[in-house]
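>>> missing the sequence, but the structure's below:
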């Protein structure tokens with residue numbers, strides 16, 4: 001195959017994926033017109049802490065923990081000065097609590113030392129804080145500040161994106177790269193929220209209910225046994 005034909009084929013495949021992504025977007029908007037973030041928070045800092053706690057933990061569990069946590073610790077200074085054992089006990093039920101407590105304390109110290117105790121509206125500054133990766137940074141920037149810096153790729157978004165044929169990648173960063181190439185930037189924030197709702201209600205990991213899915217006519221069902 002010539003280089004010219006190879007380039008044409010890639011361009012055609014990308015165009016087809018964009019068209020397919022547009023169908024997915026339309027159905028998600030129709031099915032989940034209101035899809036707020038499932039984590040309960042009042043400030044960008046609270047959302048940052050809650051998102052760190054959400055790793056390998058359900059949002060429902062995180063919300064139970066943060067209900068009491070945010071009564072006792074309200075600002076970065078409160079977390080930064082808290083004894084580490086006290087923090088560990090407070091977040092223990094979210095799993096991996098030692099690492100999470102250490103990261104939240106260090107992240108709070110970093111906010112105080114480098115950002116005046118404020119959550120920065122910059123993805124590079126955010127990912128340089130302890131315990132903050134691209135997913136967490138995208139959640140905070142998109143949900144708290146309305147800044148579309150990328151697409152949040154959690155387990156639901158990654159799983160559904162592969163099943164729907166929007167990506168073949170398994171690495172979250174590479175999945176995000178594929179999604180940002182085929183989705184309009186203005187849709188990046190809400191797309192993730194809607195995919196998460198769809199993953200919970202219809203396209204679950206173990207038993208997707210494809211017969212009830214509004215996308216069954218055009219979903220390739222990649223990796224799903226018939």
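Great, that's in hand. All of these numbers come straight from a predicted model, not from anything done at the bench.
>>> What mean pLDDT does the longest helix along the chain get?
Longest helix in the chain, counting residues (DSSP state H): helix 3-31. The pLDDT scores in helix 3-31 average 85.
>>> Enumerate residues external to the helix or strand that it is followed by that contact any of its residues.
The C-terminal neighbour of helix 3-31 among helices and strands, as given by DSSP states H and E, is helix 44-53. Applying C-beta atoms under 8 Å, 6 or more residues apart in numbering, the contact partners of helix 44-53 are 37, 39-41, 62-63, 65-66, 69-70, 75-76, 79, 91, 94, 100, 103-104, 107, 111, 119, 131-132, 135-136, 139-140, 143-145. For the C-beta atoms, the positions are set from N, CA and C on the backbone; glycine is no exception.
>>> just stretch 69-88 next, same as before
The contact list for stretch 69-88 (C-beta under 8 Å, 6+ apart) reads 42, 45-46, 49, 90-91, 97-98, 101-102, 104-105, 107-109, 111-112, 117.
>>> Not counting sequence-adjacent ones, nearest residue to the residue nearest to the spatial centre of the chain?
The residue lying closest to the centre of the chain (C-alpha atoms, centre = their mean) is residue 152, at 3.3 Å. Nearest residue to residue 152, sequence neighbours excluded (C-beta to C-beta, 6 or more residues apart in numbering): residue 192, at 3.9 Å.
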